[in-house]
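[1] need coordinates for the below:
(2 chains)
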Amino acid sequence: MKLPRSLMLAGALLGSLSANAAHYTAEIQNLTAGIYFAPLLVATHSTDTWLFKAGMPASTSLQKLAEGADNSGFISELMAAGATPIQNPASGLLGPGAKVSVDLGMSNSLQPQLSIIGMIVPSNDGFIALHKLSLPTVPGTYTYMVNAYDAGTEANDEIRGAGAPGVPGLPVPPPLEDKVGTGGSGIVGATIEGFVHIHRGVIGDTAPMGGSSDLNAATQRWLNPVGRVTLTVE
Amino acid sequence: MNAIRLVFILLGGLLLSACNDSKPSNSTGSSSSSSSTSSSSSSSNSSSSSSSSSSSAASSSSSSSGMAMVSARYTLKITNLTAGQPLSPPAYVVHGGGYSAFMVGMAASVGIEKIAESGNPADFIADAAAQPSVVRADRGPAGIAPGQEQEINFSLEVPANQLEGLKFSYLSMLGNTNDGFAGIEALGIGQLAVGASLSQDALSYDAGTELNDESAAHVPGPACSGEGFNAARSDNANRVTLHPGILSQQDGSAQSCLHTLQRWDNPVVRVMITRLAP
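    From the prediction side, this is the model:
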């Protein structure tokens, strides 16, 4: 069979790129004014791996992550699929404006796609995701904006509660104890949406005690993008 | 991003050349084998209204140059990323550099106004189809509920030297708004090789033709069931801008017929375009 010239060229170029092992680093920054990223999960994986699909119901693993920052479901899934997930690179919450650098390793140890996912707190079932990014192979610095999603598994009532799957309310990690209000009556009309979608943001109120929400309308709203990932290939 | 595009083109070229290699075996019946994926109703529905536009574009360009025509087939997958904003039937246009569906800062056309206030894309599509640089202007078969996806298949024929410059534009009304719409303007799709896909997120825009009063009288979507298109331009701005979002009753607007579920943030729609084998 005669190979088309472009095919041979592409093969030669891809071959030479993969032969030169490159080092990958991902820097993750929280761009929001008052929202925290709960422990993040960072992994490269095969193109067959999906953590979620927008418009579809969340998996149990996503529900655990988005409602309670429990990444264990995805860690098990990723390891079973042959990936080596990096859990909690920031050693706790990644606060407003803060960044963390994650050493992904050399190209020969990486799989073709990168995902970065983690709950946003305080929220009912919000999470950030850079999902299934096909890793560039040419050395350089690449910037990606990251959006906030809603897992659709819990009503956005915006009042204190717990993080276990199916238990309503916001889980409040100890460092945020003073930043979340008390005694809110809950946002009227909040429902379990039933599918993963782009988060519509929170409403909040201006009453630390009482009111309709335990979130602060002045400091805990956000708009997309909420994060930035800077990928360095060298 | 440049590097991604490079890899994309490389892989695309690989697929394209592999496909060309096998072409002689099935060149006689190329279209018969490939009606694989769903929603044949949408493609049959859509081919009727746009055949005039593609033929007019074809005739004008073939008269200017004797260039050979090439055909290309595409699938659109349009996903509504919002929690509570139903999308009106998608209007889409494939065009060259001489056409612009809308521009931020400029007044909306009546066609845009009708999409943004009532979800009716007929005028917008008819206007686009009449433009010489438009190759195809058409609509999807139905609206798209929150979280739902619609697939649209279509094909087109252009002079070979115009394929690389093809652009894609898209609009749907955000149904539970006064005059909000999701839009993609002039996304380049001409570099797509057969088998390759491109995913683009759409932002929300305000047509600037109707005041955002969020009232039950003026928001036509299911949350309010108010009036649709009204030719009066009640928004003083009278220009297309990025949408400022809605207030809703829960955010302190007592007169709003909208609720927390109808709020949104960008992006509001994801469009995946895949070029199929001809």
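
[2] separation between the residue in the stretch 101-250 of chain B positioned nearest to chain A and A:Ile192?
    Of all residues in the stretch 101-250 of chain B, B:Gly147 sits closest to chain A, at 3.7 Å by CB to the nearest CB. Glycine gets a C-beta too; all of them are placed from N, C-alpha and C. In this view, B:Gly147 and A:Ile192 are 12 Å apart by CB to CB, to the nearest Å.

[3] hey, what's in contact with both of these two?
    A:Gly152 (CB atoms under 8 Å, 6 or more residues apart in numbering or on different chains).

[4] where does the stretch 1-150 of chain B have low pLDDT?
    By pLDDT under 70, the weakly predicted segments of the stretch 1-150 of chain B are B:1-66.

[5] hey, where'd the strands end up in it?
    B:69-80, B:91-95, B:134-139, B:149-159 (DSSP state E, counting those that start in this stretch).

[6] quick one, which of those strands is nearest to B:Ser215?
    Closest of the strands of the stretch 1-150 of chain B to B:Ser215 is strand B:69-80, at 23.9 Å (criterion: CB to CB).

[7] just how off-centre is the closest one within its chain?
    11 Å (CA atoms, centre = their mean, to the nearest Å).

[8] with stretch B:114-133 instead?
    The mean C-alpha position of stretch B:114-133 is separated from the chain mean by 11 Å, CA atoms, centre = their mean.

[9] name the element the spatially most central residue of chain A belongs to?
    With distances taken as CA atoms, centre = their mean, A:Ile117 lies nearest the centre of chain A, 2.5 Å away. Taking DSSP states H and E as the criterion, A:Ile117 maps to strand A:113-121.

[10] pLDDT weak spots in chain A?
    A:1-19.

[11] strands along that one, start to end?
    Ranges of strands within chain A are A:23-30, A:36-37, A:41-45, A:86-87, A:99-106, A:113-121, A:126-134, A:140-150, A:197-198, A:227-233, based on DSSP state E.

[12] helices or strands next to the longest one in the packing?
    Contact here means 3 or more CB pairs under 8 Å, 6 or more residues apart in numbering or on different chains; DSSP states H and E; on that basis strand A:140-150 packs against strand A:126-134, strand A:197-198, strand A:227-233, helix B:2-26.

[13] mind running it again at 10 Å?
    strand A:23-30, helix A:60-68, strand A:113-121, strand A:126-134, strand A:197-198, strand A:227-233, helix B:2-26 (3 or more CB pairs under 10 Å, 6 or more residues apart in numbering or on different chains; DSSP states H and E).

[14] wondering if the fourth one reaches chain B at all.
    Yes. Judged by CB under 10 Å from any CB of the partner chain, strand A:126-134 and chain B are in contact via A:132-134.

[15] ditto for the shortest one
    Yes. Figure legend: strand A:197-198 in contact with chain B (CB under 10 Å from any CB); contacting residues A:197-198.

[16] each with direction, which strands does that strand pair with?
    Note on strand A:197-198: by DSSP bridges, its sheet partners are strand A:140-150 (antiparallel).

[17] next, the buried residues of the strand it pairs with.
    A:142, A:144, A:146-150 (16 or more other CB atoms under 10 Å in any protein chain shown).

[18] go on, stretch B:181-201?
    B:181-186, B:189-196, B:198, B:200-201.

[19] ok, and of these, which contact chain A?
    Checking those against chain A (CB under 10 Å from any CB), the matches are B:Asp201.

[20] just the ones of the buried residues of stretch B:181-201 in strands?
    Reading strands off these with DSSP E, I get B:181-186, B:198, B:200-201.

[21] state the pair within the residues you listed that is farthest apart.
    Longest span within those, CB to CB: B:Phe181 and B:Leu198, 21.1 Å.

[22] tell me the centre residue of chain B?
    Closest-to-mean residue, chain B, CA atoms, centre = their mean: B:Tyr170 / 2.0 Å.

[23] who does that residue bridge with?
    B:Tyr92, B:Ile184.

[24] what does the stretch 151-278 of chain B put close to chain A?
    So the stretch 151-278 of chain B meets chain A at B:199, B:201, B:203, B:245-252, B:258-270 (CB under 10 Å from any CB).

[25] now the buried members of those.
    Buried among those (16+ other CB under 10 Å): B:201, B:203, B:245-251, B:258-270.

[26] thinking A:Met56 is in contact with B:Gly147, fair?
    Yes. The pair A:Met56 / B:Gly147 is scored as a contact, 7.7 Å apart, by CB atoms under 10 Å.

[27] neighbour count winner among those two?
    Neighbour count, other CB atoms under 10 Å in any protein chain shown: between A:Met56 and B:Gly147, B:Gly147 has more, with 21 against 16.

[28] hang on, that one packs against A:Ala58?
    No. Applying CB under 10 Å, one finds B:Gly147 not in contact with A:Ala58, separated by 11.3 Å.

[29] shared neighbours of these two, anything?
    A:152, A:193-196 (CB atoms under 10 Å, 6 or more residues apart in numbering or on different chains).

[30] same list (these) but as JSON lines, adding neighbour count and distance to chain B.
    Shown next, in JSON lines, are the shared contacts of B:Gly147 and A:Ala58 (neighbours: other CB atoms under 10 Å in any protein chain shown; distance: CB to the nearest CB, whole Å):
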{"residue": "A:Gly152", "neighbour count": "28", "distance to chain B": "8"}
{"residue": "A:Glu193", "neighbour count": "24", "distance to chain B": "5"}
{"residue": "A:Gly194", "neighbour count": "14", "distance to chain B": "7"}
{"residue": "A:Phe195", "neighbour count": "22", "distance to chain B": "4"}
{"residue": "A:Val196", "neighbour count": "27", "distance to chain B": "8"}
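
[31] show me what contacts the closest residue to the residue nearest to the centre of chain A other than its chain neighbours?
    What sits nearest to A:Ile117 in space, not counting adjacent residues and going by CB to CB, 6 or more residues apart in numbering or on different chains, is A:Ala129, at 4.6 Å. Residues in contact with A:Ala129 (CB under 10 Å, 6+ apart) are A:41, A:51-52, A:54, A:62, A:65-66, A:115-118, A:146-149, A:196, A:227.

[32] returning to what we had before: can I get the ones in strands among the buried residues of stretch B:181-201 in JSON lines including pLDDT?
    Shown next, in JSON lines, are those (pLDDT from 0 to 100):
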{"residue": "B:Phe181", "pLDDT": "98"}
{"residue": "B:Ala182", "pLDDT": "98"}
{"residue": "B:Gly183", "pLDDT": "98"}
{"residue": "B:Ile184", "pLDDT": "98"}
{"residue": "B:Glu185", "pLDDT": "97"}
{"residue": "B:Ala186", "pLDDT": "97"}
{"residue": "B:Leu198", "pLDDT": "97"}
{"residue": "B:Gln200", "pLDDT": "97"}
{"residue": "B:Asp201", "pLDDT": "98"}
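
[33] how about the residue lying closest to B:Leu211 once chain neighbours are set aside, secondary structure?
    Nearest-residue entry for B:Leu211: B:Ser234, 4.5 Å, with adjacent residues in sequence omitted and distances by CB to CB, 6+ apart. On the three-state scheme (DSSP: H, G, I helix; E, B strand; the rest coil), B:Ser234 is labelled coil.
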